[in-house]
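> show me how the following folds:
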Amino acid sequence: MPGWILAMLVISLFLIGRDMAKTVYMTRKSRADNVVYEKHPQKEQMERYAHSFQKLANTFYSLPYRKEHLSNGEMLEIMDACTSQICVRCAKHDSCWELCYHLTLQQVCELLKAYEEGEPEKTELIQADWMLHCVNGARFLELLKQYFFRSKQALVWNNKLIENRLAVAEQLNEVAHIMQRTADDIYSISTVPENLEEQVCRMLRKKHVAVKKIWMLEKPSDKIKLYLTVRTFGGQCVTLHEVAKVLSQICQTKMMAVQEGRTLLNGEYTTVLFIEEVNYRVLYGVAKVTRDQEKISGDSYTCADCEESFLMCLSDGMGSGLDANRESETVVELMEEYLASGFSKETAARMINSALVLQRGDGMFSTVDLCSVNLYSGVCDFLKAGACTTFIKRDQWVEAISSTSIAAGLTQQLDYDTATKKVYDGDYIIMVTDGVLDALPLSREEEVMKEIILKLHSTTPKELGRSILEHVMSYCSYEARDDMTVLVAGVWKK
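Next comes the predicted model:
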């Protein structure tokens, strides 16, 4: 065997052995780091905090729940209070409460039940029957009513306190989940391998960008996420797009910056998140009409990019005008804030609901209509609380996503419906408030809306929204009896 071939073979074996040793070393280092992260004292401390909040929430949950009616014991207390004041000194006491005890008890229970049901005709008949047998009937009935309605008022106030307590329990429960999730997420961030860090620093230095630190979010199910603390030098200004192009070459996949309002790097260090470029882009448009004789719409909406998803939220406040607008605006602002901070849709909805329950004493509420499009997969998640039907248009086909849940702020336990759909290149998502469907023929609202959507061929979301609203207005003689909002989003493959 020629000497040069033998030398090449030895060198090849050496290089293979070196790479294998490096792989084994990095694997062991990664496993060791994972153990360190899993047993990190600060992570364990955060988990203890989460456990404490969860126990406190469970304590609130274990307390008595609200009651719709007075209990049998409370009914007997009312009856005893009346008999002790009126019947004890009555000449017919023994006849009523000893010889005919069960019959008298039944009559009093029927009276209290009639007051509870609130049916005037039934109440008058039972009271008339009582007056025939009781010599102090008028006084007894007056006193019985006083005690009953006093107890009923106490029940209402007690239920309100219970609702507030359960709303606080919901908040504590969600805080516990958030803290646990934060503990898991924080310690999923680790430094990148040395060779990758060296390559990034070297190639970015050629672009006049200095790298102070690089972190990687290690989650097997997620896309690549790199955090870079960088600045420019030499008086240069470099765009985040240029940095993303360098990272794309190194990672061998298209990368993009999560800009959060800035597009240029300067001489000050800043930390920027870079993620894999998404596969879909979304454009949206909105068409609105305010209720006749109102200046401000009670409908509010928001649309925003949240890293790997596109968020749309539409809310309809109760009624119309300024108060309704404030309610719905609060809902969409909180929803955008929570989701942008990384909370799940369900967590955000429950926290908003408990906040509305706590702050409100006048029975106001708002609907929640949420749509989140995953820009990698095209999977669309819907969450609806008291919201109208949403429509998906694809070529000559329209699908409806409906809900039977109630609005946020009505009960301490939020009732919401969820659905998941896949959207494709060229699909349109159409969200509307109830004023739109209410203007269409009764009992055929969804069918008529589908017909309207199918016969329209607008190419931009804004044009499609306007065309839909114009056709809907023609059904109500162009007189808006309620606020109307049509929010349209178009999904296209990049």
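
> next one: A400 from E451, what distance?
12 Å (CB to CB, to the nearest Å). C-beta: built from backbone N, CA, C; applies to glycine.

> all the helices of the stretch 201-350 of the chain, in order from the start?
240-251, 322-340, 345-359 (DSSP state H, counting those that start in this stretch).

> can you count the residues close to L144?
22 (other CB atoms under 10 Å).

> element containing it?
Using DSSP states H and E, L144 sits within helix 137-186.

> what angle sits between that helix and helix 345-359?
140 degrees (axes from the mean of the first three to the mean of the last three CA atoms, to 10 degrees).

> so helix 137-186 versus helix 322-340, what angle?
Going by the same axes, to 10 degrees, helix 137-186 makes 30 degrees with helix 322-340.

> still on that earlier bit, so which of the helices of the stretch 201-350 of the chain comes closest to N173?
Comparison of these against N173 by CB to CB identifies helix 345-359 as nearest, at 8.2 Å.

> show me what counts as buried in the closest one.
If you call a residue buried by 16 or more other CB atoms under 10 Å, then helix 345-359 has these buried ones: 345, 347-358.

> adding pLDDT, write those out as JSON lines.
Compiled in JSON lines, those are given as follows (pLDDT from 0 to 100):
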{"residue": "K345", "pLDDT": "82"}
{"residue": "T347", "pLDDT": "78"}
{"residue": "A348", "pLDDT": "81"}
{"residue": "A349", "pLDDT": "82"}
{"residue": "R350", "pLDDT": "79"}
{"residue": "M351", "pLDDT": "76"}
{"residue": "I352", "pLDDT": "80"}
{"residue": "N353", "pLDDT": "79"}
{"residue": "S354", "pLDDT": "73"}
{"residue": "A355", "pLDDT": "73"}
{"residue": "L356", "pLDDT": "75"}
{"residue": "V357", "pLDDT": "70"}
{"residue": "L358", "pLDDT": "66"}
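
> out of these, which one sits closest to N158?
Of all the buried residues of helix 345-359, N158 sits closest to V357, with 15.6 Å by CB to CB.

> gap between the closest one and F365?
Taking CB to CB, one finds V357 at 9 Å from F365.

> right, and T263 touches H241 too?
Yes. Assessed by CB atoms under 8 Å, T263 is found in contact with H241 at 7.4 Å.

> in the stretch 201-350 of the chain, which ranges drop under the pLDDT threshold?
Applying pLDDT under 70 to the stretch 201-350 of the chain flags residues 218-222, 259-261, 342.

> all strands of it, in order?
For the stretch 201-350 of the chain, the strands defined by DSSP state E, counting those that start in this stretch cover 209-217, 225-232, 238-239, 255-258, 264-265, 270-276, 280-289, 299-306, 309-316.

> check contacts around the residue nearest in space to the middle of the chain.
Centroid-nearest residue in the chain, with CA atoms, centre = their mean: A349, separated by 2.5 Å. By CB atoms under 8 Å, 6 or more residues apart in numbering, the residues touching A349 are M335, V368, L370, L383, A385, A408, L414, Y416.

> can you read off the pLDDT for N72?
pLDDT recorded at N72 is 76.

> could you pull up phi and psi at it?
Main-chain torsions, N72, degrees, to the nearest 10: phi -60, psi -40.

> quick one: it from N158, how far?
17 Å.

> please apply the same query to L311.
39 Å.

> comparing these two, which residue is more hemmed in?
Legend: neighbour count by other CB under 10 Å for L311 and N158, higher for L311 (19 against 13).

> I'd guessed that one sits against C371; true?
Yes. At 7.5 Å, L311 and C371 qualify as touching, with contact defined as CB under 8 Å.

> packing partners of the helix holding L144?
Counting contacts by 3 or more CB pairs under 8 Å, 6 or more residues apart in numbering; DSSP states H and E, helix 137-186 packs against helix 41-62, helix 72-82, helix 101-117, helix 120-133, helix 345-359.

> alpha carbons only: can I get the last one in CSV?
Taking only C-alpha atoms (Å, rounded to 0.1, in the frame of the first residue of the first chain), the coordinates of helix 345-359 have been written out as CSV:
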residue,chain,number,x,y,z
LYS,A,345,-55.3,31.4,24.8
GLU,A,346,-57.2,29.6,27.5
THR,A,347,-55.2,31.1,30.3
ALA,A,348,-55.6,34.6,28.9
ALA,A,349,-59.4,34.2,28.5
ARG,A,350,-59.9,32.9,32.0
MET,A,351,-57.8,35.8,33.5
ILE,A,352,-59.8,38.4,31.6
ASN,A,353,-63.0,36.8,32.6
SER,A,354,-62.1,36.8,36.3
ALA,A,355,-61.0,40.4,36.0
LEU,A,356,-64.3,41.4,34.5
VAL,A,357,-66.2,39.6,37.2
LEU,A,358,-64.2,41.3,40.0
GLN,A,359,-64.5,44.9,38.6
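
> could you tell me the angle between it and strand 309-316?
30 degrees.

> and if you look at the second one?
Taking the same axes, to 10 degrees, one finds that helix 72-82 is oriented at 30 degrees with respect to strand 309-316.

> between helix 101-117 and helix 72-82, find me the angle.
Using the same axes, to 10 degrees: helix 72-82 against helix 101-117 is 110 degrees.

> quick one: the following helix or strand past helix 72-82 to chain centroid distance?
Next in sequence after helix 72-82, counting helices and strands by DSSP H and E, comes helix 93-94. Distance of helix 93-94 from the chain centroid (CA atoms, centre = their mean, to the nearest Å) equals 62 Å.

> and stretch 284-298, by the same measure?
Mean-position distance between stretch 284-298 and its chain equals 24 Å (CA atoms, centre = their mean).

> list the buried residues in it.
Buried residues in stretch 284-298 (16+ other CB under 10 Å): Y284, G285, V286, A287, K288, V289, T290, R291, E294, S297, G298.

> mind putting those into JSON lines with distance to L105?
Formatted as JSON lines, the buried residues of stretch 284-298 follow (distance: CB to CB, whole Å):
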{"residue": "Y284", "distance to L105": "66"}
{"residue": "G285", "distance to L105": "68"}
{"residue": "V286", "distance to L105": "64"}
{"residue": "A287", "distance to L105": "65"}
{"residue": "K288", "distance to L105": "62"}
{"residue": "V289", "distance to L105": "61"}
{"residue": "T290", "distance to L105": "59"}
{"residue": "R291", "distance to L105": "55"}
{"residue": "E294", "distance to L105": "56"}
{"residue": "S297", "distance to L105": "57"}
{"residue": "G298", "distance to L105": "52"}
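
> what is the most widely separated pair among these?
Greatest spatial distance in these: Y284 and E294, 24.6 Å, computed using CB to CB.

> touching, D323 and T330? I think so.
No. Using CB under 8 Å, D323 is not in contact with T330, being 11.1 Å away.
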